[in-house]
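>>> generate coordinates for the sequence data below:
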Amino acid sequence: MPECIMNEVVVSLSEKEQKLYDSLEKDMVLSIGDDEIDAVTAAALSNKLLQMANGAVYNDKKESIVIHDRKLDALEDLIEGANGKPVLVAYWFKHDLERIKAWKKGESYKKGQKLEYKLGIGKGAKWKKLSIGSSASSKSISISLSGYYPNKTKKLGYIKFRVRGCGAKKSWSKWNTKTYDILIPRKAGSLSFSLSDTYSNVGTFSWKVATDSSERQMFTNIEYQSQLTTSGETNGKKLSWNSKKAGWLSGTGGSEGSHSITEDTAVIATGSHIRWFRIRARGVQGNSDWVYAKHVYAL
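All right, here's what the predicted structure looks like:
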């Protein structure tokens, strides 16, 4: 017999997936899109957590809810590394087997494939059909952000896809489902102030937010607010922010931009003033935290 070589492959969850795991472990109940997962006993909880660690978990209707594909991706790498040699795969749950045998990249279904998606937050979203060829392995869709926050009150919480195929035996495979949870955009990585070289009452606040269309942190715009105070407060979070404040300014901008402000010299000549400026990134799922900057006009 050849020597048995143990090769442990460590699979890690993303931060979002880990939070779902921790939440179920702590509260024994978890809402995922339209579905609710609950464990009434410690034994049931242990079983649900094992399912989730493998990538999917059963709801009360015995339907498997996909959480992640980490182990499937690792399995694919192992199979590719076998260079065509046979691979024996053990599994724990029925949904493991179903997902392992489900739709694979590049696989051809002679009788066609069905691809559907839905957008929403919470319950009530409906599946929409997409056209797809029998051998297709990818499909792109465009989402209009104008129908969601901050342009509208409605927010977008997730994008869910499901696909199945019909082979030569004329039987449809089970749906293989993938959910992408939409996150709030990243907060500004930088916000700075620069004083004009020519005029002592003119300054510019500049900002930059990292955005990536391939990420789930969908970005729409930057919201900024500014006020002029005489308070000695050094923490912008403790200030009251509203349009009645002196020197109030507000508006929106892109992920990278600037805004110049010219102060009334008669006002700032009366004593020390602080020009405060804050920004936050806004997306279809909500707002990032505020980021603050200030400039002191001192006599």
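
>>> can you pull the contacts of the nearest residue to Trp127 once chain neighbours are set aside?
Once flanking residues are discounted, Trp127 sits nearest to Glu116: 4.4 Å by CB to CB, 6 or more residues apart in numbering. C-beta here means a position set from N, CA and C on the backbone, and glycine is covered the same way. Listed by CB atoms under 8 Å, 6 or more residues apart in numbering, the contact partners of Glu116 are 127-130, 161-163.

>>> show me which of the residues you listed are buried.
Listed as buried from those are 161-163; burial here means 16 or more other CB atoms under 10 Å.

>>> from these, pick the one nearest Ile121.
Nearest to Ile121 among the buried ones among the contacts of Glu116 is Phe161, at 16.4 Å by CB to CB.

>>> tell me the secondary structure of Ser194, please.
Of the three states, Ser194 takes strand under DSSP: H, G, I helix; E, B strand; the rest coil.

>>> got it, and Ile159?
Quick answer, by three-state DSSP: Ile159 is strand.

>>> please shift the residue numbers so they start at 28 in all later answers.
Okay, residue one is now 28; in that scheme the one you just asked about reads as Ile186.

>>> for burial, what's the neighbour tally of it?
19 (other CB atoms under 10 Å).

>>> need the pLDDT of it.
At Ile186, the pLDDT value in this model is 89.

>>> cool, Glu63 as well?
Glu63 is assigned 77 on the pLDDT scale.

>>> flag the shaky bits of this structure, pLDDT-wise.
Applying pLDDT under 70 to the chain flags residues 28, 60-61, 107, 110-111, 129-137, 149, 194-197, 240-242.

>>> centre-most residue in it?
Nearest residue to the geometric centre of the chain (CA atoms, centre = their mean): Leu210, 2.9 Å.

>>> is it possible to get a markdown table of the contacts of Glu143 that adds distance to Asn86 and secondary structure?
Below are these laid out as a markdown table (distance: CB to CB, whole Å; DSSP: H, G, I helix; E, B strand; the rest coil):
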| residue | distance to Asn86 | secondary structure |
| --- | --- | --- |
| Trp154 | 17 | coil |
| Lys155 | 22 | strand |
| Lys156 | 24 | strand |
| Leu157 | 25 | strand |
| Phe188 | 18 | strand |
| Arg189 | 15 | strand |
| Val190 | 20 | strand |
